[in-house]
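Asker: Mind folding the following:
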Amino acid sequence: MTKSKDARVTIALECTGCTRKQAGDKFIGISRYTTRKNRRNTPTRLELKKYCFCCQKHTFHKELKK
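Answerer: Modelled structure (predicted):
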C-alpha cells in the first residue's frame with residue numbers, strides 16, 4: 001500500500017480555450033489530459049501547452065481542482 005503523503009500525485013489537465021461548444025446536435029466536449037507531478041517541486045497549479053482536439057490547435061491546459 002502507498003502512503004497518502006506521496007510526493008508524486010496524478011492530476012488532470014483541462015483546456016482553458018474551449019467550453020462545451022455545440023456542433024449541430026452533438027456536444028464536442030472538453031479536452032482533458034492526465035499526468036503526474038511532484039508535489040514538492042511544483043506546489044502551485046500546473047499549466048502546460050498541449051494539443052486540444054476540440055479546438056484543433058495548441059492551447060493552455062490548467063490543472064483541475066480535486
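Asker: May I have the secondary structure class of the residue nearest the centre of the chain?
Answerer: Closest residue to the average C-alpha location of the chain: residue 13 at 0.7 Å, with Cα atoms, centre = their mean. Look at residue 13: counting by DSSP: H, G, I helix; E, B strand; the rest coil, its state is strand.
Asker: which residues sit in contact with it?
Answerer: The neighbourhood of residue 13, defined by Cβ atoms under 8 Å, 6 or more residues apart in numbering, consists of 32-35, 46, 48, 50, 61-64. The C-beta positions use only the backbone N, C-alpha and C, and glycine is treated the same way.
Asker: Ok, residue 57 next?
Answerer: By Cβ under 8 Å, 6+ apart, residue 57 lies in contact with 17, 51.
Asker: Model confidence for it, exactly?
Answerer: Listed pLDDT for residue 57 reads 90.
Asker: For it, give its distance to residue 34.
Answerer: 21 Å (Cβ to Cβ, to the nearest Å).
Asker: Residue 5: how many residues sit nearby?
Answerer: Using other Cβ atoms under 10 Å, residue 5 has 7 other residues around it.
Asker: Which strand or helix spans it?
Answerer: For residue 5, there is no host helix or strand (DSSP states H and E).
Asker: Let me see the contact set for the closest residue to residue 10 other than its chain neighbours.
Answerer: Nearest residue to residue 10, sequence neighbours excluded (Cβ to Cβ, 6 or more residues apart in numbering): residue 36, at 5.4 Å. Counting by Cβ under 8 Å, 6+ apart, residue 36 touches 8-11.
Asker: just residue 63 next, same as before
Answerer: 11-13, 45-47.
Asker: residue ranges for the strands of this protein, please.
Answerer: 8-15, 22-23, 26-27, 32-38, 47-52, 57-63 (DSSP state E).
Asker: Return the list of helices and strands in contact with the fifth one.
Answerer: The helices and strands touching strand 47-52, judged by 3 or more Cβ pairs under 8 Å, 6 or more residues apart in numbering; DSSP states H and E, are strand 8-15, strand 57-63.
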